[in-house]
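> fold the following, please.
(2 chains)
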Amino acid sequence: MSLYERIKKKIYNNLEEAAYRARENGKLAYDELPAFVLEEPRERQLGDLATNLAMLLTKQCKKAPREIAEIILENLEITDTWITASEIAGPGFINFRLDSNWLTGVIPEVLSQEDKYGSVNIGQGQKLQVEFVSANPTGLLHMGNARGAALGDSLAALLSMAGYDVSREFYINDAGNQIHNFALSLEARYLQQLGHDVPFPEAGYHGEDLIETVKRIIEQDGDKYVTLEEDFRRESLVRQALEEKLHDIKTTLEDFGVFYDVWFSEQTLHESGYVRDTTNELQDKGYIYENEGALWFKSTLLGDEKDEVIIRSNGVPTYFAADIAYHRNKFHRGFRKVINIWGADHHGHVGRLKGAMQALGYNPDSLQIILMQLVRLIQDGEVVKMSKRSGQYITLRELMDEVGKDAARFYFILRDPDSTVEFDLDLAKSQSADNPVYYVQYAHARLCSILRQAKEQGYETDIEPDRNQLALLNSNEEKDLLKKIADLPGEIAISAKMAEPHRLARYVLDLAALFHTFYNSQRVLIEDTDLRVARLGLIKSTKQVLANILGILGVSAPERM
RNA sequence: GCGCCUGUAGCUCAGCUGGAUAGAGCAUCUGCCUUCUAAGCAGGUUGUCGCACGUUCGAGUCGUGCCAGGCGCGCCA
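Numbering: from 1, shown residues only, chains lettered A, B, ... in the order given. Next up, the predicted model:
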């Protein structure tokens, strides 16, 4: 637990005790102590910490909030809390002022924990999986995938910082109908390239990249598939195309800073009989019935609106069947918690899949599905319908080429997954210099520059400031910076708990702003040795925290800009 | 028609289990570089938090009903 959390917890506990004591001595009458908060007030002038405890007790105690606050203060023990003053303010807040050195202890913590600073252990080493992107290997990665990649990767990093044993996984949809369509599309392109006049399938994939793919196949193997039997021809083309597409997806994601632990093939679930086994288990448990030659899953038994076909009347399992098997497999592999990042267009599927997990005996809450609203592409002021089938989309590769990895990742991670993002590539290009990511990176580069200059000027930068030196950090700018730094473990905890990495993007922006303010008001490289040592400690801590968070967000922390 | 998401400053968006005077960036206006990076800082301007009721000490936050936009409601994935 960090220093900041320890102090807060101590005061929190003392407040609880004060309330209990007041009940014992008859000053307050209530049944249950409400869940109150102890947090920093909005305005610095109000104090260092504030609680709403008194206001929450009004109903039960039938007293005015300020009167209750009075009673609590009378019963509050303040030794070892750093509290130097308390006052009742506004509608009934209790504000505390703390000894001005209460925060400086965070500096030695950051300097000793280095890249571990900010870690919390709410995960307790539990195995957790984040599955994200899982784009169909029938085309290139687009903007929606970019958002999913930025979100999923940062979430995974955040959760490992919060003490989970995290695995990143990509589910390869290399089976089913779409692969059949993919095969037909490839076949048509292949034959067309070789001069045959064949129609392009209605439901085919129109992307230009497919033509490139068959061109490469022709370069290598010529026209040898033309005379092959249809099935063999399609299979050969698909096998090569899939390999190429997957390789492309993998390297594109790696360039985007995303590395997976596991690439999981849907096909293997069919081949191993796992899909069939899973279906049988559902059948044994009474969740399957037959209608019009197909097998249906009784989702309605588990609160869903309609039942769902799991095995078609032609005997072929649906995507849903494979998905159930896949998620059953995840739990078999020992993951205690499984998080999926899906596009909002799949939300109808959430209830059914959770229902299926429940039917199989798993806790449906162990499967968390984060729905991310779609990215809408704007061109010439118009919304463009993006789809792999139409071939109309901006690729992740183009995005990186145009605006850069850091700006692109920050752009997405700054936003709540629930918000619909409009993306205008031309606008993004023209505004890429205004991207807030540079504001943060600039802060990091500035910090590095100070440390460089310190060395050039012959100052020792590795000495750790002692308690007396740290006590010199008492300006508002320094204290604000210290508070923000001290806040990090709590910020990690709540972001992880809520699975919302975008909070950290906000945090790091705030931290950069506080540093820039400090930078413009006070100098680090000064004659006064004690103050200089203390400030060097402060800026080394700031730099460490910036780097830690940027690392989670997958954004680089440059030494110079 | 039903379900889910969204509606906050001119634009893009934050706002934790309800809390004090609703915030940030961009844009715009005014100052600040002979001192550690001006990709910066300080300050000004900008709001019926979609609308209306309700719940309570207190609502951007919770409830209900409307309005607007997005997505979904296949033996597609």
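> spell out which parts of the stretch 1-150 of chain A neighbour RNA strand B.
A:35, A:37, A:39, A:41-43, A:46, A:50, A:52, A:55-56, A:58-59, A:65, A:89-93, A:95, A:136 (Cβ under 7 Å from any atom of the strand). All C-beta spots, glycine's among them, are computed from the backbone N, C-alpha and C.
> helices of the stretch 351-500 of chain A, residue ranges please.
Using DSSP state H, counting those that start in this stretch, the helices of the stretch 351-500 of chain A run over A:396-403, A:405-413, A:425-431, A:436-456, A:467-470, A:476-497.
> tell me which of those helices lies nearest to A:D284.
Nearest to A:D284, of all the helices of the stretch 351-500 of chain A, is helix A:476-497, at 36.9 Å by Cβ to Cβ.
> just the ones in helices from the residues of the stretch 1-150 of chain A next to RNA strand B, please.
A:55-56, A:58-59, A:65 (DSSP state H).
> if we can go back for a sec, just the ones of the residues of the stretch 1-150 of chain A next to RNA strand B in strands?
Among these, DSSP state E puts A:39, A:50, A:89, A:93, A:95 in strands.
> farthest-separated two in those?
Largest pairwise distance in these, by Cβ to Cβ, is 14.1 Å, between A:E39 and A:A89.
> the residue nearest to the spatial centre of chain A and RNA strand B, how far apart?
In chain A, the residue lying closest to the centroid (Cα atoms, centre = their mean) is A:L155, at 2.6 Å. Per Cβ to the nearest atom of the strand, to the nearest Å, A:L155 is found 14 Å from RNA strand B.
> model confidence over the helix or strand where that residue lies, on average?
Here A:L155, judged by DSSP states H and E, is contained in helix A:143-161. Averaging pLDDT along helix A:143-161 gives 94.
> now do stretch A:508-518
Rounded mean pLDDT across stretch A:508-518 is 94.
> and if you look at stretch A:31-47?
Rounded mean pLDDT across stretch A:31-47 is 80.
> how distant is it from the center of its chain?
From the chain centre to the centre of stretch A:31-47 is a distance of 28 Å (Cα atoms, centre = their mean, to the nearest Å).
> next: stretch A:58-65.
Averaging C-alpha positions (Cα atoms, centre = their mean) puts stretch A:58-65 41 Å from its chain's average.
> same question, stretch A:458-465
36 Å.
> circling back: of the ones in strands among the residues of the stretch 1-150 of chain A next to RNA strand B, buried ones?
Buried members of these, counted by 16 or more other Cβ atoms under 10 Å: A:50, A:93, A:95.
> A:N75 is in contact with A:E24, isn't it?
No: A:N75 is beyond contact range of A:E24, at 9.2 Å (criterion: Cβ atoms under 8 Å).
> more neighbours: which of the two?
Using other Cβ atoms under 10 Å, the more surrounded residue of A:N75 and A:E24 is A:N75, with 19 against 10.
> OK, contacts around the more buried one?
A:17-19, A:21-22, A:25, A:27 (Cβ atoms under 8 Å, 6 or more residues apart in numbering).
> most neighbours among those residues, please name it.
Result: A:A19 is most packed of the contacts of A:N75 (other Cβ under 10 Å), 25 neighbours.
> for it, which non-adjacent residue is spatially closest?
Take A:A19 and drop its neighbours on the chain: the residue closest to it by Cβ to Cβ, 6 or more residues apart in numbering is A:L33, 5.6 Å away.
> so the one you found is in which element?
Here A:L33 is assigned to no helix or strand, by DSSP H and E.
> now do the strands in the stretch 151-300 of chain A.
A:165-172, A:262-265, A:288-291, A:294-297 (DSSP state E, counting those that start in this stretch).
> among those, which comes closest to A:L141?
Comparing the strands of the stretch 151-300 of chain A by Cβ to Cβ, strand A:165-172 comes nearest, at 11.2 Å.
> by how many degrees do that closest one and helix A:143-161 diverge?
Angle of strand A:165-172 versus helix A:143-161, following axes from the mean of the first three to the mean of the last three Cα atoms, to 10 degrees, is 160 degrees.
> which residues are in contact with strand A:165-172?
So strand A:165-172 is contacted by A:123, A:125-134, A:137, A:152-153, A:156-157, A:159-160, A:246, A:258-267, A:326, A:335 (Cβ under 8 Å, 6+ apart).
> buried only: go through the residues you listed for me.
Judged by 16+ other Cβ under 10 Å, buried ones among those: A:123, A:128-134, A:137, A:152-153, A:156-157, A:159-160, A:246, A:258, A:260, A:264-267, A:326, A:335.
> against RNA strand B, how distant is the residue of chain A most remote from its centre?
The C-alpha centroid of chain A is most remote from A:T227, which lies 49.9 Å away (Cα atoms, centre = their mean). Distance from A:T227 to RNA strand B, counting by Cβ to the nearest atom of the strand: 30 Å.
> tell me the pLDDT at that residue?
Taking A:T227 on its own, its pLDDT is 91.
> need phi/psi at it.
Main-chain dihedrals, A:T227, degrees, to the nearest 10: phi -90, psi -10.
> so who does it touch?
Counting by Cβ under 8 Å, 6+ apart, A:T227 has no contacts.
> low-confidence stretches in the stretch 1-150 of chain A?
A:1-2 (pLDDT under 70).
> what is the end-to-end distance of stretch A:219-238?
One end of stretch A:219-238 sits 16 Å from the other (Cα to Cα, to the nearest Å).
> how many neighbouring residues does A:D231 have?
9.
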